[in-house]
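Structure, please.
(one chain, ligands or ions: 1)
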Amino acid sequence: MPGTPPTRYAYLGPEGTFAEAALISAVAPGEGSRIPSPGVPAALAAVRSGDADAALVPLENSVEGSVPATMDGLAEGDPLLITREVFLAPTFVLAGRPGTTLSAVRSVASHPHALAQTAGRLARLLPGVVPLPATSTAEAARQVAAGEHDAAVCAPIAAERYGLTALVDDVADRSGAVTRFVLVAPPGPLPAPTGNDKTSLVAVVGDRTGALLDLLREFAVREISLTRIESRPTRERLGVYSFSLDCEGHAADARVGEALAALHRVCDELRFLGSYPRADGRENKPVTPVSNDAAFGEAAGWLERVRAGRV
Ligand SMILES: O=C(O)C(=O)Cc1ccccc1
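Numbering: from 1, shown residues only. Below you'll find the model as predicted:
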């Protein structure tokens, strides 16, 4: 639209991360500008401060599970909303400065999720070398180029970007691992329902017997399927946890809206993290006629008549 400034997308940087690749796959070049952030907290902070309009950050991985910095960064601080999910199957190379040989590598660095997905191969290729965590795979590549480490586990494009050469191609322990990224934005209108959406929440339940069952029941009785649930420490004290979960459906769907309202009553704290199109290539489970929007609408109309004495 003429006059509309381009959307500024922050992402886990520097240039050459998988987060950047995911952003490129989701947002066509020319649709906005890309701003590398030095970490997930910085990318989220850029959105909260208004320095960026949205941020693309990794949320979870099929091998290593969730990315704590993202889970906690969304659960705490000023509210943000997930507006998209993006999936990427990363390819990892072990890269070093030109001229480095495998036998000369004494240190290797990468993002903890990349190290986890290559741990077996690294142990065999580099026995005795303790892998070091970096804020991202591309940051590890940049550090190798700067002479801080001998090798990095990174994307082929990051090796190229930082002038490294691949010592070993495809160092993943297992093929087919997928990382799920999310695009987060400041609170605003939700993406329109598509009929195949997901909703994300963080819930803190009370310290009483059956509290988690009470939470789960609100989904089950409305035929809402969960696609992820995990507990995270609230960092208050040992033993107090929040539940981070994704369910099928959109807040605009009657059954999901009713479940959200019920959870608001049942939970000690409830944070809505967004409703957005499902992008994992799977279809939400069909619901029986008693749980669809028409049934909820008809029931609400009936209750209105009852309350008006029009029985
Ligand atoms: O560090 C990166 O490049 C990221 O985008 C995070 C990450 C790390 C490992 C696998 C997938 C995503």
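
What is the neighbour count of Ser225?
The local packing of Ser225 (other Cβ atoms under 10 Å) involves 13 other residues. The way it works is simple: take the backbone N, C-alpha and C, and place the C-beta from them, glycine included.

wait, isn't it in contact with Cys247?
Yes - between Ser225 and Cys247 there is a contact under Cβ atoms under 8 Å: 6.7 Å.

Mutual contacts of the two, please.
Phe219 (Cβ atoms under 8 Å, 6 or more residues apart in numbering).

Please give the element, helix or strand, for the spatially most central residue of the chain.
Residue closest to the mean C-alpha point of the chain, counted by Cα atoms, centre = their mean, is Leu59 at 2.3 Å. For Leu59, the element it lies in under DSSP states H and E is strand 54-61.

pretty sure Glu248 is touching Glu223, no?
No - counting by Cβ under 8 Å, Glu248 does not reach Glu223; the two are 9.2 Å apart.

quick one: which of these two has more around it?
Using other Cβ under 10 Å, the more surrounded residue of Glu248 and Glu223 is Glu248, with 23 against 17.

can I see the domain layout of the protein?
93-168, 190-311 (automatic domain parsing).

Return the most buried member of these.
Most buried of the domains of the chain by mean neighbour count (mean count of other Cβ atoms under 10 Å) is domain 93-168; its value is a mean of 20.

Any part of that one near the ligand?
Yes - using Cβ under 6 Å from any ligand atom, we find that domain 93-168 touches the ligand at His111, His113, Ala114, Ser136, Thr137, Ala138.

Give me the mean pLDDT for that domain.
On average, the pLDDT along domain 93-168 is 97.

and what of stretch 239-253?
Rounded mean pLDDT across stretch 239-253 is 93.

what does stretch 78-90 give?
pLDDT averaged over stretch 78-90 gives 97.

what about Asp246, distance to Leu132?
Taking Cβ to Cβ, to the nearest Å as the measure, Asp246 and Leu132 are separated by 32 Å.

can you check Val153 too?
Taking Cβ to Cβ, one finds Val153 at 11 Å from Leu132.

now Gly239
Relative to Leu132, Gly239 is positioned 32 Å away (Cβ to Cβ).

again with Leu190
Leu190 is 40 Å from Leu132, by Cβ to Cβ.

Could you do Gly73 as well?
Where Leu132 is concerned, Gly73 sits at a distance of 23 Å (Cβ to Cβ).

what do you get for Thr101?
Applying Cβ to Cβ to Thr101 and Leu132 gives a distance of 20 Å.

Gly188 against Leu81, yeah?
Yes - counting by Cβ under 8 Å, Leu81 is a contact partner of Gly188 at 7.0 Å.

who's more crowded, these two?
Counted by other Cβ under 10 Å, Gly188 and Leu81 do not tie: Leu81 has more neighbours, with 23 against 8.

what's near enough to touch the more buried one?
Val184, Ala185, Pro186, Pro187, Gly188, Leu190, Phe272, Leu273, Gly274.

does the residue nearest to the third one when sequence neighbours are not counted count as helix, strand or coil?
What sits nearest to Pro186 in space, not counting adjacent residues and going by Cβ to Cβ, 6 or more residues apart in numbering, is Val47, at 6.1 Å. In terms of secondary structure, Val47 is helix; the call rests on DSSP: H, G, I helix; E, B strand; the rest coil.

Okay, strands next: where are they in the stretch 51-200 of the chain?
54-61, 65-66, 81-88, 93-96, 108-110, 131-133, 151-154, 165-168, 179-185, 197-204 (DSSP state E, counting those that start in this stretch).

Now distance to Thr17 too, for these, in CSV please.
Listed next are the strands of the stretch 51-200 of the chain as CSV, based on distance: least, Cβ to Cβ, whole Å:
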stretch, distance to Thr17
strand 54-61, 9
strand 65-66, 18
strand 81-88, 10
strand 93-96, 14
strand 108-110, 11
strand 131-133, 15
strand 151-154, 8
strand 165-168, 17
strand 179-185, 10
strand 197-204, 22
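
Flag every residue of this protein that's near the ligand.
So the chain meets the ligand at 12, 17-19, 58, 90, 111, 113-114, 136-138, 179 (Cβ under 6 Å from any ligand atom).

Please identify which two of the residues you listed are farthest apart in space.
Ala138 and Thr179 (14.2 Å; Cβ to Cβ).

Which of the residues in stretch 75-95 are classified as buried?
75, 80-86, 88, 90-95 (16 or more other Cβ atoms under 10 Å).
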